[in-house]
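Asker: could you work out the structure for the sequence below:
(2 chains)
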Number of protein chains: 2
Amino acid sequence: MAASEFESLEKCLESHVPEAELSEVKRILFGPESRKLDLPTCAVECACERDFELKGYRFDAAPEQLRPPRRIRVGLIQHRIVLPTEAPVLDQINAMHGRVGEIVEVAAMCGVNIVCFQETWTMPFAFCTREKDPWTEFAESAEEGNTTRFCQELAKKYNMVIVSPILEREDPHNTLWNTAVVISNSGNVLGKSRKNHIPRVGDFNESTYYMEGNTGHTVFQTQFGRIAVNICYGRHHPLNWFMYSMNGAEIIFNPSATVGALSEPMWPIEARNAAIANHCFTCAINRVGTEHFKNEFTSGDGKKAHHDFGHFYGSSYVAAPDGSRTPGLSRTRDGLLVVEMDLNLNRQISDKWSFKMTGRYAEYAEELTRAVKHDFKPNILKE
Amino acid sequence: MAASEFESLEKCLESHVPEAELSEVKRILFGPESRKLDLPTCAVECACERDFELKGYRFDAAPEQLRPPRRIRVGLIQHRIVLPTEAPVLDQINAMHGRVGEIVEVAAMCGVNIVCFQETWTMPFAFCTREKDPWTEFAESAEEGNTTRFCQELAKKYNMVIVSPILEREDPHNTLWNTAVVISNSGNVLGKSRKNHIPRVGDFNESTYYMEGNTGHTVFQTQFGRIAVNICYGRHHPLNWFMYSMNGAEIIFNPSATVGALSEPMWPIEARNAAIANHCFTCAINRVGTEHFKNEFTSGDGKKAHHDFGHFYGSSYVAAPDGSRTPGLSRTRDGLLVVEMDLNLNRQISDKWSFKMTGRYAEYAEELTRAVKHDFKPNILKE
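Answerer: Numbering: from 1, shown residues only, chains lettered A, B, ... in the order given. Next comes the predicted model:
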């Protein structure tokens, strides 16, 4: 079976593993089962008509005496590109606005409070080509670009926080960045978070286009909780997740674009490990489909020049601090994952497991400060 | 099905998922398949007679022009206690020496170069009881205790590096530690590594017995590669794995004792994430079985007093830097996992993925130094 045809791990397990064993399999793989969330019929019908997958799950927390529950709903959107990559740039952007707009409408029907789109969601992931033209034309101002304005309208209309990861062009010194714009449910731009770690692996030639971000580990206080954005390759860096958490993030989004042959076995591991280690929720989002480019390119692997990056495998999911996670969205279809979470769970799990309290961070600050010096002598014991 | 009866995730998948889909399921769950290692017939027969599971896998690396392969074999041993917990202390220790000795003999037949035992392997995991008597009598000198002498004999006899995690009593100021003793294949004690992070969760009342270790992140240069030991609860702390790696560890062992209800969904995630993030091999080892104690104890969870800690679920495994892992050993049986690994894979994967190069550690050293101050102001943006 070709990897691009295999729709979903969870569906496969559910069709073949007998009921008695399935619960053990799921417990070991996914943790305490996340309960299904009832979604309104109009949303389910709409998703069906518009041909995207719609799934809902919930993570509950225990009742507390002094705090009311803090139940909010996040939406994760994964999608393929709408027009071919040769279409005029503005047509491509507008088509993507249209597609995502109709998914956000369904998210609103589902009561979503915070929605996050995939990495550089307005464009094909064209960095594999190493061509500047026409791809840099997709870059926009984080504060005043068309895409931000489009998101501001949605945010106001639906009273929804929107995390919109785009290719950013910064004026006046004309620098490109890989940036998530965070738009408050008031419609105001709350701020932006730039990608901290830039890959140099396989076809991920992003360092040709932009540099490591300079926005540090900003956390955004929204009406629905404190959120942060760890863009794509930053999920491989545990320190990146950690530092967002140290700054108070309750939910860390990981908008991504990644392909099967390279990263798929790592995908279920990294965001989930971050949720466990940092006592927070993490939301991993990946695009879907295969994107074809007119001009052939090579991949630095000795293989023949070709026209596509490989299969983006979707599989977006949410991981909770207690080690559990939702099933993934499809590997092949556009989708919206709606997850209700009680943010009280973070502190409850922290009080139970106490990784922060037992973290000995002061010692690590000293050790790391020594370790980054050019004349660092590693602590290696020999006979 | 009771959790303590479910033998193995991998066996379950192999019996039920059709061949065509199984390869995709395994690729997504476990990464590129680790090849089976041919083990000598005498070892297979011996393991069968002595009633423990024996499994072998290999991780290969690409040939290089300037370096020969660095293929070595590690052995992971998981086992239940041999005598009841009421038996005299010395009898319990001797019985455990006998059991592990006969498994190490089979490891030698399999050409194992480095073997690691489970956490506090000479004793029941009695810290749930909060009784000092008789459990502190299991503590021994790391340098001169009976258990270390026993391991030194084995190390010399089989030309094998032995990682022996024990309850340590440090003279002359009579302090207990949770310590891994590293014994060179020459039979000399190469050094020791104390547990850096001590849990306060569930029945893990270890902070009643010993404090956080003071041996930092020592790495041991052995004839077969550079190794480090991250004991049990330290696997929940990404900084702990990271700092061993910064000091040059090529293989990090994680001798553990952990129970199903608490941690099982986290088990496949954390050591594997550490192997990926740090471009090294990690080896997670857990004991098996349920241990009964004479006196009842409570667990701080409002439930009735009881006599056992729950089911230790074994499932020991090895994770590689490329995101792949071996299947786990059984959840219910004693076992020896033999894994051949070419240590050249670490640098190859590092050259491919470059997490260290892109890690921006100098920035993190500064940020962390600020974050551990008592008057640290988190970077939170509000509207």
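Asker: for A:D91, grab the count of nearby residues.
Answerer: 12 (other Cβ atoms under 10 Å in any protein chain shown). For every residue, glycine as well, the C-beta is placed using N, CA and C.
Asker: same question, A:K195
Answerer: Neighbourhood size, A:K195 [other Cβ under 10 Å]: 28.
Asker: ditto for A:L329
Answerer: A:L329, neighbours per other Cβ under 10 Å, totals 27.
Asker: same check on A:C48?
Answerer: As a burial measure, A:C48 scores 11 neighbours (other Cβ under 10 Å).
Asker: contacting residues for it?
Answerer: A:C48 sits next to A:L54 when contact means Cβ atoms under 8 Å, 6 or more residues apart in numbering or on different chains.
Asker: for chain B, what's its nearest residue on the stretch 51-200 of chain A.
Answerer: A:G191 (4.6 Å; Cβ to the nearest Cβ).
Asker: what sits against the residue nearest to that residue when sequence neighbours are not counted?
Answerer: Distances taken as Cβ to Cβ, 6 or more residues apart in numbering or on different chains put B:L381 closest to A:G191, at 4.6 Å, once the chain neighbours are dropped. B:L381 makes contact with A:L190, A:G191, A:T218, A:V219, A:F220, A:Q221, according to Cβ under 8 Å, 6+ apart.
Asker: could you do A:E102 as well?
Answerer: By Cβ under 8 Å, 6+ apart, the contact set of A:E102 is A:R50.
Asker: any idea how far it is from A:R50?
Answerer: Distance, A:E102 to A:R50, using Cβ to Cβ, to the nearest Å: 5 Å.
Asker: which residues in the stretch 201-350 of chain A form strands?
Answerer: Along the stretch 201-350 of chain A, counting by DSSP state E, counting those that start in this stretch, strands occupy A:219-222, A:225-229, A:251-256, A:281-286, A:288-297, A:306-313, A:317-319, A:335-342.
Asker: low-scoring stretches of chain A, by residue?
Answerer: Flagging of chain A using pLDDT under 70 yields the residue ranges A:1.
Asker: cutoff 90 now
Answerer: Residue ranges of chain A with pLDDT under 90: A:1-11, A:19-20, A:23-34, A:172-173, A:260-262.
Asker: the helices in it, which residues?
Answerer: Secondary structure of chain A (DSSP state H): helices at A:9-16, A:19-30, A:41-49, A:89-109, A:146-158, A:238-246, A:260-263, A:267-278, A:344-353, A:361-371.
Asker: before we move on, the earlier item: columns distance to B:L37 on top of the strands of the stretch 201-350 of chain A, output as TSV?
Answerer: Formatted as TSV, those follow (distance: least, Cβ to Cβ, whole Å):
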stretch	distance to B:L37
strand A:219-222	47
strand A:225-229	43
strand A:251-256	35
strand A:281-286	34
strand A:288-297	36
strand A:306-313	30
strand A:317-319	33
strand A:335-342	40
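Asker: between the ones you listed, which gets nearest to chain B?
Answerer: For chain B, the closest of the strands of the stretch 201-350 of chain A is strand A:219-222, at 4.5 Å, according to Cβ to the nearest Cβ.
Asker: got the strands of the stretch 201-350 of chain A as a markdown table, with mean neighbour count and distance to chain B columns?
Answerer: What follows is these, written out as a markdown table (neighbours: other Cβ atoms under 10 Å in any protein chain shown; distance: least, Cβ to the nearest Cβ, whole Å):
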| stretch | mean neighbour count | distance to chain B |
| --- | --- | --- |
| strand A:219-222 | 23 | 5 |
| strand A:225-229 | 26 | 7 |
| strand A:251-256 | 28 | 13 |
| strand A:281-286 | 28 | 12 |
| strand A:288-297 | 16 | 15 |
| strand A:306-313 | 20 | 9 |
| strand A:317-319 | 28 | 9 |
| strand A:335-342 | 24 | 17 |
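Asker: quick one on the thing from earlier: next, count neighbours for the residue of the stretch 51-200 of chain A closest to chain B.
Answerer: A:G191 has 20 nearby residues by other Cβ under 10 Å.
Asker: so who does it touch?
Answerer: A:G191 makes contact with A:V182, A:T218, A:F220, B:L381, according to Cβ under 8 Å, 6+ apart.
Asker: who does it bridge with?
Answerer: On the basis of DSSP bridges, A:G191 is bridged to A:V182.
Asker: what about A:L66, how many residues nearby?
Answerer: The burial count for A:L66: 4, using other Cβ under 10 Å.
Asker: hang on, I meant A:M246
Answerer: For A:M246, the neighbour count with other Cβ under 10 Å is 23.
Asker: equivalent analysis for A:L90, please.
Answerer: For A:L90, the neighbour count with other Cβ under 10 Å is 11.
Asker: can you check the one 3 residues further on too?
Answerer: Residues near A:I93, counting by other Cβ under 10 Å, number 23.
Asker: report the buried residues of stretch A:141-156.
Answerer: By 16 or more other Cβ atoms under 10 Å in any protein chain shown, the buried positions in stretch A:141-156 come out as A:S141, A:A142, A:G145, A:T147, A:T148, A:R149, A:F150, A:C151, A:Q152, A:L154, A:A155.
Asker: I'd assumed A:E168 was in contact with the fourth one.
Answerer: No - counting by Cβ atoms under 8 Å, no contact exists between A:T147 and A:E168, whose distance comes to 9.9 Å.
Asker: now list whatever residues contact both of those two.
Answerer: Counting by Cβ under 8 Å, 6+ apart, the common neighbours of A:T147 and A:E168 are A:E140, A:V181.
Asker: contact residues of the stretch 151-300 of chain A facing chain B?
Answerer: Selection of the stretch 151-300 of chain A residues close to chain B by Cβ under 8 Å from any Cβ of the partner chain yields A:184, A:186, A:188, A:190-191, A:196-201, A:212, A:216-221, A:226, A:233, A:236-239, A:242-243, A:246-248, A:263-266, A:268-270, A:272-273, A:276-277.
Asker: got the contact list for the residue nearest to A:S299 when sequence neighbours are not counted?
Answerer: Distances taken as Cβ to Cβ, 6+ apart put A:D203 closest to A:S299, at 5.1 Å, once the chain neighbours are dropped. With contact taken as Cβ under 8 Å, 6+ apart, A:D203 is in contact with A:F127, A:C128, A:V259, A:F297, A:S299, A:F309, A:G310.
Asker: could you do A:A3 as well?
Answerer: Taking Cβ under 8 Å, 6+ apart, one finds A:G260, A:A261, A:E264, A:H311, A:Y313, B:E24, B:R27 in contact with A:A3.
Asker: can you pick the most crowded of those?
Answerer: Per-residue neighbour counts (other Cβ under 10 Å) across the contacts of A:A3 peak at A:Y313, which has 26 neighbours.
Asker: thought it was touching A:R331?
Answerer: Yes - when contacts are counted by Cβ under 8 Å, A:Y313 is listed as touching A:R331 (4.6 Å).
Asker: between the two, which contacts overlap?
Answerer: Common neighbours of A:Y313 and A:R331 are listed as A:V288 (criterion: Cβ under 8 Å, 6+ apart).
Asker: ok, A:R35 to chain B distance?
Answerer: Between A:R35 and chain B the distance is 16 Å, computed by Cβ to the nearest Cβ, to the nearest Å.
Asker: show me what the closest residue to A:P84 other than its chain neighbours bridges to in the sheet.
Answerer: Once flanking residues are discounted, A:P84 sits nearest to A:H292: 7.2 Å by Cβ to Cβ, 6+ apart. The partner list for A:H292 in beta bridges (DSSP bridges) reads A:D308.
Asker: which residues does A:H292 contact?
Answerer: With Cβ under 8 Å, 6+ apart, A:H292 has these contacts: A:P84, A:T85, A:H307, A:D308.
Asker: quick revisit: are any of the residues of the stretch 151-300 of chain A next to chain B buried, and which?
Answerer: Buried among these by 16+ other Cβ under 10 Å: A:184, A:190-191, A:196-201, A:212, A:217-221, A:226, A:233, A:236-239, A:242-243, A:246-248, A:263-266, A:268-270, A:272-273, A:276-277.
Asker: now do the end-to-end distance for stretch A:352-363.
Answerer: Criterion Cα to Cα, to the nearest Å; first-to-last residue distance in stretch A:352-363 is 23 Å.
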